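S.K.: dropping a prediction and its sequence here:
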Amino acid sequence: MQFDILSLFPAALEGYYQSSILGRAQKQKLIRIRNFDLRDWARNKHRRVDDTPYGGGPGMVIRVDVVHRALTGIYTKKNKKTRVVLLTPRGKTFDQRAARRLLVYERVILIAGRYEAIDGRVDAYVDEKISIGDFVLTGGELAAACVIDAVSRLIPGVLGKEESMREESFDSFTKHGTTVEYPQYTKPENFRGARVPSVLLSGHHQKIKDWRTKHRKRKAIG
Ligand code: ADE
């Protein structure tokens, strides 16, 4: 699966994409993440991609012609296997179900805006608008990273053996649409008087299972 990010700060999260599970998945060619700089499609010597809003008011607006050139520059032909996503606090709130839905695409293009706004005519190029929550970020880069991360870990092979076993033991999102987590502990057994529940040290598998069942927190996630 290929993710193409269009933003004004393409280097900002490069380290994140190269690290850990996403980095490994890229090396294994299970996913490909490309970062594009919207300014590469600006047509002035200052590489400006924004301008003042018609009708007045504060802030700047990202120009539609720049987005148009960027999109047509990175794909020659858009097909059914390509999804264009705009990250915006006005979008539909992202959740596990939305992540799963994106799995059917071979290519997801994520437009991450900055400043106050992006020209409303960009809507014509966009298949879906995603918000990662009811708060406003300084830009869409982090939101794009959340989407890429959540989708990537659902691609078969991206999670290692141990990571996916852990996922299964948590009663898998995919089967029930819930997270089922119980508290976990590791060494030391006694940290400044705070002790690990003794049942977990007992070696009694059934009792441990019962304890974990009792302490599970269910949360519906789509
Ligand atoms: N850009 C700024 N805030 C955002 C949010 N909450 N979700 C997606 N994109 C954003």
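M.R.: Thanks, I have it.
S.K.: can we go C-alpha only for contacts and neighbour counts from here?
M.R.: OK.
S.K.: tell me how far Ile130 lies from Ala112.
M.R.: 10 Å (C-alpha to C-alpha, to the nearest Å).
S.K.: mutual contacts of these two, please.
M.R.: 86-88 (C-alpha atoms under 8 Å, 6 or more residues apart in numbering).
S.K.: among the residues you listed, who's most crowded?
M.R.: Counting neighbours by other C-alpha atoms under 10 Å, Leu86 leads those with 27 neighbours.
S.K.: and that residue, that one's in a strand?
M.R.: Yes: under DSSP: H, G, I helix; E, B strand; the rest coil, Leu86 sits within a strand.
S.K.: ok, what's across the strand from it?
M.R.: Beta bridges link Leu86 to Ile111, Lys129, judged by DSSP bridges.
S.K.: so where do the strands sit in the chain?
M.R.: Shown for the chain, the strands assigned by DSSP state E span residues 2-7, 32-37, 50-51, 61-62, 82-93, 107-112, 117-118, 128-131, 178-181, 190-191, 194-195, 217-220.
S.K.: take these and write them to JSON lines, including distance to the ligand and mean pLDDT.
M.R.: Listed next are the strands of the chain as JSON lines, based on distance: least, C-alpha to the nearest ligand atom, whole Å; pLDDT from 0 to 100:
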{"stretch": "strand 2-7", "distance to the ligand": "11", "mean pLDDT": "98"}
{"stretch": "strand 32-37", "distance to the ligand": "17", "mean pLDDT": "98"}
{"stretch": "strand 50-51", "distance to the ligand": "16", "mean pLDDT": "95"}
{"stretch": "strand 61-62", "distance to the ligand": "13", "mean pLDDT": "96"}
{"stretch": "strand 82-93", "distance to the ligand": "4", "mean pLDDT": "96"}
{"stretch": "strand 107-112", "distance to the ligand": "7", "mean pLDDT": "98"}
{"stretch": "strand 117-118", "distance to the ligand": "9", "mean pLDDT": "93"}
{"stretch": "strand 128-131", "distance to the ligand": "3", "mean pLDDT": "97"}
{"stretch": "strand 178-181", "distance to the ligand": "22", "mean pLDDT": "71"}
{"stretch": "strand 190-191", "distance to the ligand": "38", "mean pLDDT": "98"}
{"stretch": "strand 194-195", "distance to the ligand": "37", "mean pLDDT": "98"}
{"stretch": "strand 217-220", "distance to the ligand": "21", "mean pLDDT": "72"}
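S.K.: between the ones you listed, which one is closest to Gly160.
M.R.: Shortest distance between Gly160 and the strands of the chain, using C-alpha to C-alpha, is found for strand 32-37: 17.4 Å.
S.K.: what helices and strands are in contact with that closest one?
M.R.: Counting by 3 or more C-alpha pairs under 8 Å, 6 or more residues apart in numbering; DSSP states H and E, the packing neighbours recorded for strand 32-37 are strand 2-7.
S.K.: so this structure: which segments form each domain?
M.R.: 2-152, 167-219 (automatic domain parsing).
S.K.: how far away is Gly145 from Met60?
M.R.: Not quite, residue 145 is Ala, not Gly. Per C-alpha to C-alpha, Ala145 is found 24 Å from Met60.
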